[in-house]
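sequence and computational prediction follow.
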Amino acid sequence: MSRTITVKFGGTSLADASQIRKAAEIVKANPERKYLVASAPGKRFSDDVKVTDLLYSCYSEFARGNDYSEVLAKIKERYASIITELGISFDIGAEIDAIEQELRTYPPADYLASRGEYINSKIIAEFLGWPFVDAAEVIFFNENGFFDGEKTFMTVNARLRDLPNAVIPGFYGSMPDGKIHTFSRGGSDVTGSIVARSVNADVYENWTDVSGMLSADPRIVDSPRPIEYITYTELRELSYMGASVLHEDAVFPVRKAGIPINIRNTNRPDDNGTLIAASLPSDVKRTPVTGIAGRKGFTSIRVERSQMNGQTGFGARLLYIFSRNGIPFEHCPTGIDTISVVVNSSMFDAKRDEILREIKNELAPDFITIEKNLAVIAVVGEGMVRVKGVAAKIFGSLADAGVNVRMIDQGSDELNIIVGVDESDYESAVKALYRAMIEQ
Ligand code: ADP
Ligand code: ASP
Ligand code: MG
């Protein structure tokens, strides 16, 4: 049986006609690349605006009752120049008219946001001479807005099974009432993974503007080393913690089916990129630490009560206070008489007074200490567990860089060590950890 590859091209890979030509060449170079998931046109240069962002600002003008024609004209112009330069006949005027028509029914913002991938995919389908399959007809969410995997995988499979090729827009699907619903930002990565799973692809190729996952954020560390191989679990950890090259939910559909993800660079198609799989070839040599990622914007709430350890249910009651206020916790390091809950700062700030009152009333703590402006950094690697002295090296490097560690947590799967530092120390901490743990 012939192999099947699902490819997803990100916004920068499809930002203008010359990028779309590169994507088309990549696809045509291997007939196994049968199904293409496309993003909306992204940035062509660093202070350019993504079409998706233009669509969101168009919607906010519309929702405020303002004149949105100027921004809609900009969107039309982006596509018009792509169409002209590709030399295809495509009626962009009709697409824009359809949007204006739909706006009369006061659709949700998601509808307008989705038009970026919808129109781009139709253009790319026309250019390649491939059929276009609208994601609204095959990707489903339930009435609460959660992705409906069972129905989606079946429908995508039934629809694509008899098509030798297809272009499918990323980022959106539809609700039971037929209304358009999107994934969170960057969600075309998730669509690509869903399509790969539905057609039982041999590989899910995710084409972007870097030659794979890098071992640290390239905006902080100068030319970080690329990661050749990484497991799904490590990738999930790094992308959740802020390595934004792949959407954090993109591993789930393919991981279940054991389909490897290959992150590759549209501008350097000969580079191998990063291969992500459940386990790695045994002859692959890797450093104990695979990558470093982090995020700012956390608050730690530290609750102290003498002889806390002797009381059952103290931690559970504390976490329940956060959960009933709708705040998920990120980390929860504990001591003998202390327990800290680390949460997203903006979520906490909105509920701060209620939460503190409930903690005081229900748990009668001796002290509550709140530490704001915390950045959380994860040092991730499946090899760490087998190597002595990793933790010593991590903390030694931070001390040498003059970074004060304000929180430590080790994931229960021993795959990562999490450190909390002051936001103002974030960049220097990432640099120090990279130098000590990866560059060496
Ligand atoms: P696309 O438009 O193709 O979906 P994204 O902008 O979503 O691309 O993701 C690629 C970008 O992710 C890179 O250009 C890079 O700036 C950023 N990035 C952040 N952390 C990492 C990392 N650890 N490895 C690679 N890229 C990263
Ligand atoms: N275009 C959407 C965004 O900018 C989805 C994506 O590119 O993956 O978030
Ligand atoms: Mg992306």
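Perfect, thanks for sending it. Ligands and ions are numbered 1, 2, ... in the order given.

A293 - that's part of a strand, no?
Yes. Counting by DSSP: H, G, I helix; E, B strand; the rest coil, A293 is part of a strand.

partner residues bridging it?
A378 (DSSP bridges).

ok, it - how many residues close by?
Using other CB atoms under 10 Å, A293 is surrounded by 25 other residues. Quick note: C-beta positions are derived from backbone N, CA and C, even for glycine.

please shift the residue numbers so they start at 430 in all later answers.
Done: numbering now begins at 430, and the last item shifts to A722.

roughly how far apart are it and T716?
According to CB to CB, to the nearest Å, A722 and T716 sit 15 Å apart.

now F576
35 Å.

sec struct for the nearest residue to R815 once chain neighbours are set aside, please.
Sequence neighbours aside, P717 is the residue nearest to R815 in space, at 7.3 Å (criterion: CB to CB, 6 or more residues apart in numbering). Counting by three-state DSSP, the backbone at P717 sits in coil.

can you check the pLDDT for P717?
Here, the pLDDT recorded for P717 equals 87.

now do the same contact list for it.
Applying CB atoms under 8 Å, 6 or more residues apart in numbering, we find P717 in contact with 810, 812-813, 815-816, 819, 866.

packing partners of the least confident helix or strand in the chain by mean pLDDT?
When each helix and strand of the chain is scored by mean pLDDT, DSSP states H and E, strand 834-839 comes last, with a mean of 88. Using 3 or more CB pairs under 8 Å, 6 or more residues apart in numbering; DSSP states H and E, the elements in contact with strand 834-839 are strand 767-773, strand 796-809, strand 845-851.

contact partners of that strand?
Strand 834-839 has contacts (CB under 8 Å, 6+ apart) with 729, 760-762, 769, 771, 800, 803, 805, 824, 827, 845-851.

about what we covered before: so which of the helices and strands packed on strand 834-839 comes closest to ligand 2?
Closest approach to ligand 2 among these (CB to the nearest ligand atom): strand 767-773, 19.7 Å.

got the residues of the stretch 480-629 of the chain near ligand 2?
Contact residues (CB under 6 Å from any ligand atom) of the stretch 480-629 of the chain with ligand 2: 481, 545, 599-600, 614-618.

those: which two are farthest apart?
Pairwise distances across these (CB to CB) peak at 14.9 Å, for the pair G545 and D618.

now pLDDT and secondary structure too, for the residues of the stretch 480-629 of the chain next to ligand 2, in CSV please.
As requested, these are exported to CSV (pLDDT from 0 to 100; DSSP: H, G, I helix; E, B strand; the rest coil):
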residue, pLDDT, secondary structure
T481, 98, helix
G545, 98, helix
G599, 98, coil
F600, 98, coil
R614, 97, coil
G615, 97, coil
G616, 98, coil
S617, 98, helix
D618, 98, helix
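
and of these, the nearest to ligand 3?
Of all these, ligand 3 sits closest to G615, with 4.1 Å by CB to the ion.

distance-wise, check that closest one relative to V808.
24 Å.

ok, back up a step: now for the contacts of P717: which two are most distant?
By the measure CB to CB, R815 and M866 form the most distant pair in the contacts of P717, at 14.8 Å.

what about the closest residue to ligand 3 within the stretch 430-579 of the chain, how many residues nearby?
Closest contact between the stretch 430-579 of the chain and ligand 3, by CB to the ion, is at G439 (4.8 Å). G439 has 28 neighbours, counted by other CB under 10 Å.

tell me where the stretch 630-779 of the chain has strands.
632-637, 658-660, 690-694, 703-706, 720-733, 767-773 (DSSP state E, counting those that start in this stretch).

packing partners of the last one?
Just to be clear, that refers to strand 767-773. Judged by 3+ CB pairs under 8 Å, 6+ apart, the packing partners of strand 767-773 are strand 720-733, helix 743-753, strand 834-839.

try 7 Å this time
strand 720-733, helix 743-753 (3 or more CB pairs under 7 Å, 6 or more residues apart in numbering; DSSP states H and E).

okay, the ones you listed in a markdown table with mean pLDDT and distance to ligand 2 next?
Formatted as a markdown table, the helices and strands packed on strand 767-773 follow (pLDDT from 0 to 100; distance: least, CB to the nearest ligand atom, whole Å):
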| stretch | mean pLDDT | distance to ligand 2 |
| --- | --- | --- |
| strand 720-733 | 95 | 18 |
| helix 743-753 | 93 | 29 |
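
so of those, which one's packed in deepest?
Most buried of those by mean neighbour count (mean count of other CB atoms under 10 Å) is strand 720-733; its value is a mean of 22.
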